[in-house]
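Q: This is a predicted model, with the sequence first.
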Amino acid sequence: MTGRITVIGSMNQDVVCEVAKLPGPGETVLAVGSRTNPGGKGANQAVAAAKAGGRVQFVGRVGGDSVAAGLLDSMAAAGVKTAGLREVPGVRTGRAYVTVAAGENQIVVDPGANFAWESDAELAVLAEAELITSADVVVAQLEIPLAVVTWAAGLARRFVLNAAPAAELDDELLGRCDPLVVNEYELATISGAPTATREQAGHAARSLCSRGAPSVVVTLGAAGSILARRSAGSVDVTYQPAPQVDSVDSTGAGDAYVGALSTALADGADLGAAVAFATAAAALSVQSPGTHASYPTRERVVAALTALPPADSSFRTTRLETPCAPVD
Ligand code: RIB
């Protein structure tokens, strides 16, 4: 039986401009094309998890405008259930302004209804709590208020946090994340350590485990991902390479990764196997434009796993000038 996943997070309409080169500060460039896509890290991860075979519930907030209907259609088409989605009157649905060039992207989010949540006192009696406590895996990101993320983390049996966009996290929340999923920029913000090289990123991930995170996954795009996890008084670090593919659009590839990872975990996979499954899913997603439409089915991910390079458990992270605290 497939496990149950609840994604709590954002829904956005993405306004996408394709350009030859990403603009620098103060620069104006002409787009070669533009389109709108369903998006939002929460909705993307819910769709990616469902397409990868998960039974997915979504909890979030949308505005009372016409944009929300198109986003809901896209989620329903993937099989995502939206009993936990509330419409907030008088507020706009979230929007994201995405610029794409040669497989790279820049994103600015106008959160709108994604930040129109109930007060902290009201969270304690929200009906959506049942969708959180009944799930095998609960997944959140940081495009909704941190207080809501913390509330969900406290109720979840297993909590996966994609800390995007980056924000500082307290040790209590960190201690709930199994895993915390971050890219190298988010990892630098949260750990305060350099993450420019793979070895530095591994070291920074290890340091977050020392602060209490049960596990940390660092996504490095085409360079693969790093998995650090606490184990019997130490932290094990492995490196999962990614297959080399031609990327046409990396928008939402991190969401493909987190969604597929969550489905594998809800199905009972070990975290190392879930990282392999997620890596295969993300590599497939970058080969098509857009977000929801680019996410692969379970069958495609399973087929792609056969071509995945094996994980490297002899990977070394040492950066001796800032040694990690011992794990208790
Ligand atoms: O991760 C990609 C997503 O980030 C986009 O769909 C956009 O909506 C922003 O939330």
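A: Arrived safely.
Q: Around the ligand, pick out the residues from this structure.
A: 10, 12, 14, 39-41, 44, 96, 107, 109, 143, 251-252, 254-255, 291 (CB under 6 Å from any ligand atom). Yep, even glycine has a C-beta here, placed from its N, CA and C like the rest.
Q: surely residue 256 meets residue 295?
A: Yes. In this structure, residue 256 sits in contact with residue 295. The criterion is CB atoms under 8 Å, and the distance is 5.2 Å.
Q: Pull up the overlap in contacts between the two.
A: Where contact means CB atoms under 8 Å, 6 or more residues apart in numbering, the residues bridging residue 256 and residue 295 through contact with each are 44, 48, 281, 285.
Q: three-state assignment of the one residue in the stretch 51-200 of the chain that gets nearest to the ligand?
A: When you check the stretch 51-200 of the chain against the ligand by CB to the nearest ligand atom, the closest residue turns out to be residue 96, at 3.3 Å. When the structure is reduced to helix, strand and coil (DSSP: H, G, I helix; E, B strand; the rest coil), residue 96 reads as strand.
Q: Next: residue 218.
A: strand.
Q: Surely it touches residue 206?
A: No. Counting by CB under 8 Å, residue 206 is not a contact partner of residue 218; they are 10.3 Å apart.
Q: Show the residue spans covered by the strands in the stretch 201-328 of the chain.
A: For the stretch 201-328 of the chain, the strands identified by DSSP state E, counting those that start in this stretch occupy 215-219, 225-231, 234-240, in order along the chain.
Q: looking at those strands, which is buried most?
A: Burial among the strands of the stretch 201-328 of the chain, expressed as mean neighbours by mean count of other CB atoms under 10 Å, is greatest for strand 215-219, which shows a mean of 27.
Q: Determine how far that one lies from the middle of the whole chain.
A: Centroid separation for strand 215-219 versus its chain: 11 Å, with CA atoms, centre = their mean, to the nearest Å.
Q: So what touches it?
A: Defining contact as CB under 8 Å, 6+ apart, one finds that strand 215-219 is touched by 177-184, 187, 195, 201-202, 204-206, 208-209, 225-230, 254, 257, 261, 271, 275, 282.
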